[in-house]
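Q: predicted model, plus sequence, below.
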Amino acid sequence: MSLLADLLSTLIERRAAVGQGADDRPIEDLCRDLLGSRGEVSGYALVAAILDRYDAMDDAGKLAFFRFLNDEMDIDHGAVAAALAAYGDAPSQATYRAFMAAAEPARQELARRLNQVPGATARLVAMRADLLRLIGQDAALAKLDLDFRHLLSSWFNRGFLVLRPITWSSPAKILEDIISYEAVHAIDSWDDLRRRVQPADRRCFAFFHPAMPDEPLIFVEVALTKGVPGSIQAVLAGDRAALDPAQADTATFYSISNCQAGLAGISFGNSLIKQVAEDLSRALPQLETFVTLSPIPGLAAWMQANLVKAQSAAEQRQIAAHYLLNAKRPNGTPLDPVARFHLQNGASVMDIHAGADTSARGQSLSGGAMVNYRYDLGRVADNHEAFVHEAQVIAAPEIVKLAAQPLPDTA
């Protein structure tokens, strides 16, 4: 498939360069022409010209292009109203088809046509990353982002994703991406990376998409352990003795990182953790527990805002329990973003550890506190439903008891 894609890409490039010649028309005219194009090869040439023209733009040019898509390629409100009225008067396949056509903005069809050449998917993901970076300069572009998100959610749904293990033998480019994209516990060197992917008791898995086969979308790092760990430094220690995987009873997910800024808001983490847990349970049936060792990134800021101080490890643990279970957003969900992620995925709060992260980053975000979220494969569906429909935080009895205690005296 890769060879065919390369041949097709070469054909398109040659057709654009030789058969069509340079096209100096504004990019807006090229887009209008693409929407009116009926010939496949001529369409490919237009796509190549549009994407190349976009890539060459500075931020001002990209912002102007986004405004063009947002304003000129919007829906026709009158046409939508008329089509909806026609469908209401006479519901049929024809009137419904007419309503669907009227209700879809032209920019969605443009994006689909842009995505018809090899390599275009990655370029459209990069285009959305630009949009997210520039959207603060024009709030009206939020509706354009809804279209991008709608299309990318479809193109990158779970059915298209491929789970692949990352090992020391993986291509160098992918290993470099793992180092670059690690967002939780920085990978400081190639030796540091080797310690995370090469020992038999350490695993790393990533989701890939067939249209971006060499670009990880999201990856998770896993430690096979005996018991539930309560220190990230112990997990990452360079001088630790490797554990025979057959002796492990716990799989600890200690880092999960998104790789593509242009896919922000399109969640893969839920599927990734569950798929890895299921695969590991089949490969190592003696594993009894699947947990995370997760940061609590909002804790320190919340403590400062509420004038709360911990004078001991016990107080830090109790404050963290209160924060995770009781500090809420206006919609009733937890204030902490990592808590929201795991609880929505069906995990429960299992345990909290004071002084679990002695790094400068860990100290600044949470005073070093970390939390274990448990993924009980038999209960994740029920936990997910309780959280989504009732904003209920499922937690171990000890954590519930800690969270119910009065906070220490304010500072």
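A: Good, I have the coordinates.
Q: which residues in the stretch 301-411 of the chain form helices?
A: Along the stretch 301-411 of the chain, the stretches classed as helices by DSSP state H, counting those that start in this stretch are 313-326, 337-344, 360-366, 380-390, 397-404.
Q: give the other helices and strands that the longest one contacts.
A: Of the remaining helices and strands, those touching helix 313-326 by 3 or more C-beta pairs under 8 Å, 6 or more residues apart in numbering; DSSP states H and E are helix 299-305, strand 348-353, helix 397-404. The way it works is simple: take the backbone N, C-alpha and C, and place the C-beta from them, glycine included.
Q: now do the shortest one
A: With contacts defined as 3+ C-beta pairs under 8 Å, 6+ apart, the secondary structure elements packing on helix 360-366 are strand 294-295, helix 299-305.
Q: can you classify R164 as helix, strand or coil?
A: strand (DSSP: H, G, I helix; E, B strand; the rest coil).
Q: give me the neighbour count for it.
A: Using other C-beta atoms under 10 Å, R164 has 16 neighbouring residues.
Q: check whether it really touches P210, as I assumed.
A: No: using C-beta atoms under 8 Å as the test, R164 is too far from P210 to be in contact (11.7 Å).
Q: domains in the chain, by residue range?
A: If you go by automatic domain parsing, the domain ranges for the chain are 2-155, 160-404.
Q: between the two ends of the longest one, what distance do you get?
A: When you say that, I think you mean domain 160-404. End-to-end distance for domain 160-404, by C-alpha to C-alpha, to the nearest Å: 44 Å.
Q: check the offset of that domain from the chain's centre.
A: Once both centres are worked out by C-alpha atoms, centre = their mean, to the nearest Å, domain 160-404 turns out to sit 14 Å from its chain's centre.
Q: please apply the same query to the shortest one.
A: Once both centres are worked out by C-alpha atoms, centre = their mean, domain 2-155 turns out to sit 23 Å from its chain's centre.
Q: so of the helices and strands packed on helix 360-366, which one's packed in deepest?
A: Each of the helices and strands packed on helix 360-366 was scored by mean neighbour count; the highest is strand 294-295, a mean of 24, by mean count of other C-beta atoms under 10 Å.
Q: which other helices and strands contact that strand?
A: So strand 294-295, by 3+ C-beta pairs under 8 Å, 6+ apart, packs with helix 337-344, helix 360-366, strand 370-374.
Q: ok, L284 - contacts?
A: Shown in contact with L284 (C-beta atoms under 8 Å, 6 or more residues apart in numbering): L224, P245, A246, A248, A251.
Q: no more questions from me, cheers.
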